[in-house]
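Predicted structure and sequence below. I'll ask about it afterward.
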Amino acid sequence: MVNDQQLDFESIRPYEDHEIQTVFNRLKNEQSFLTLLGFLYPHLPPTHFMDKLMHMTSIQQFQKEVISAYVKEVINGTTKGVTLEGLDKLDPAASYLFISNHRDIVLDPAILNVLLVENGFNTTEIAIGDNLLIFPWITDLVKLNRTFIVKRNLPVKQMMESSRMLSSYIRYTLNSKNHSIWIAQREGRSKDGNDRTQVSLLKMLNISGENALIDNFKALRIVPVSISYEYDPCDYLKALEFQQKRDNPNYQKTKDDDLRHMGTGLRGRKGRVHFSFGQPLIDELDPISALTVKNDQYTALAEVIDKHVHKNYHLWPGNYIAWDILNGFDEYRTHYSEAEKNVFLEYINDHVNRARGGDKEFIYQTLLEMYANPLVNKRSYSMV
């Protein structure tokens, strides 16, 4: 029997095992989904792939044999390896709210889940904005991958109701289902490399709490996660978006733009990738309780999360090179070789040229700032 709480979550929750065959039957009749399969698996006829899906019986099997298998192919084909630290200090039997910086629409939580499973953890549930659910089959696909929906761009009253439902679902998943969750620290990706936690996210998370603000957040067991890509395949697209907003303040990305970002993120060169897991924010939150203004508490909590994301961010040679070029001297010259500088500048110039129709000087400057900002943030903690 379905209880009232489960019914409340019907519009946002992931699919469950007993629903997957119904979903697969829908997907096999979606031509655009079959076209995607042909793109992702060029050597396997879509009908053969669908036959494989029709024999699956659980979400876990789908994640292991389809999602994780493909993500591993992406890792092997587009990165120079993925490393991690800090996960050994977490408990595989516990549930956590992983709050991370956000670079890639698809890969940030996808790689995270591969790392979790490889180290004896269950996969997380993943928060995704409904603005990315361009077609109904995309909704089906992500909900098969333990993804729940964050509704955006609603009228004020509906947004409040949606935020309350989302907050309740997150707390319910963590504390009743004992299932971890990944959510980005802000709405959308950080396009300038300057990672900051949005206070509005924290306010949403607190709506479902029944105790003092800091006690509510302790119960969520927040673990800050720093995701560091040596190269961001979408960097030139993000820089071009900055230029388009400069030239037209009302500029908005289209659905086709979102699809292009997804594809570029999957296929593009990433270099080395590093995930750093912090510790659950528990005792560190106690001093925030002394603040008497609630908004000050939210701001202080955001700063604590940011501090861990920035301090644990793994800097690559390009971050140091971008800083030195922007500032006109070689402060970090010992952190990279001449060969590494040449490789980075060749990469930057190549991506400037990919931004067709772009203001090349603006794109170049924006790309350097994008790669320098993680170092700028880390410098604020005297870590470099």
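Cool, got the structure. Numbering: from 1, shown residues only.

show me where the stretch 1-150 of the chain has strands.
79-85, 97-100, 125-129, 147-150 (DSSP state E, counting those that start in this stretch).

Return the list of helices and strands in contact with the third one.
Here strand 125-129 touches strand 147-150, strand 181-184, going by 3 or more Cβ pairs under 8 Å, 6 or more residues apart in numbering; DSSP states H and E. Every residue, glycine included, has its C-beta placed from N, CA and C.

Could you check the helix or strand following the first one and say which residues are buried?
Spelled out, that is strand 147-150. As assigned by DSSP states H and E, the chain's next helix or strand after strand 147-150 is helix 156-175. If you call a residue buried by 16 or more other Cβ atoms under 10 Å, then helix 156-175 has these buried ones: Ser162, Ser163, Met165, Leu166, Ser167, Tyr169, Ile170, Arg171, Tyr172, Thr173, Leu174.

pretty sure the third one is touching Phe9, no?
Yes - taking Cβ atoms under 8 Å as the definition, Met165 is a contact partner of Phe9 at 6.9 Å.

dump the residue contacts of the nearest residue to Asp192 once chain neighbours are set aside.
Residue nearest to Asp192 in three dimensions, not counting chain neighbours: Met370, with 5.6 Å by Cβ to Cβ, 6 or more residues apart in numbering. For Met370, the residues meeting the contact criterion (Cβ atoms under 8 Å, 6 or more residues apart in numbering) are Lys191, Asp192, Gly193, Asp232, Asp235, Lys238, Ala239, Ala322.

Could you find the lowest-pLDDT member of those?
In terms of pLDDT, the lowest of those is Lys191, showing 88.

sec struct for that residue, please.
When classified by DSSP: H, G, I helix; E, B strand; the rest coil, Lys191 comes out as coil.

That one is in contact with Glu241, isn't it?
Yes - under the criterion of Cβ under 8 Å, Lys191 makes contact with Glu241 at 6.6 Å.

Okay, Tyr15 and Ile181: tell me how far apart.
16 Å (Cβ to Cβ, to the nearest Å).

what do you get for Ile149?
13 Å.

same question, Leu84
For Leu84, the distance to Ile181 - Cβ to Cβ - is 18 Å.

Next: Arg356.
38 Å.

who has more neighbours, the two?
Shown here are Arg356 and Ile181; by other Cβ atoms under 10 Å, Ile181 has more neighbours (23 against 7).

Quick check: bridge partners of the more buried one?
For Ile181, the beta-bridge partners are Leu97, Glu125 (DSSP bridges).

That one contacts Arg171, doesn't it?
No - look at Ile181 against Arg171 with Cβ under 8 Å: they stay out of range, at 9.7 Å.

Next, Asn211: phi, psi?
Main-chain torsions, Asn211, degrees, to the nearest 10: phi -120, psi -170.

If anything else comes up later, I'll come back, but that's it for now.
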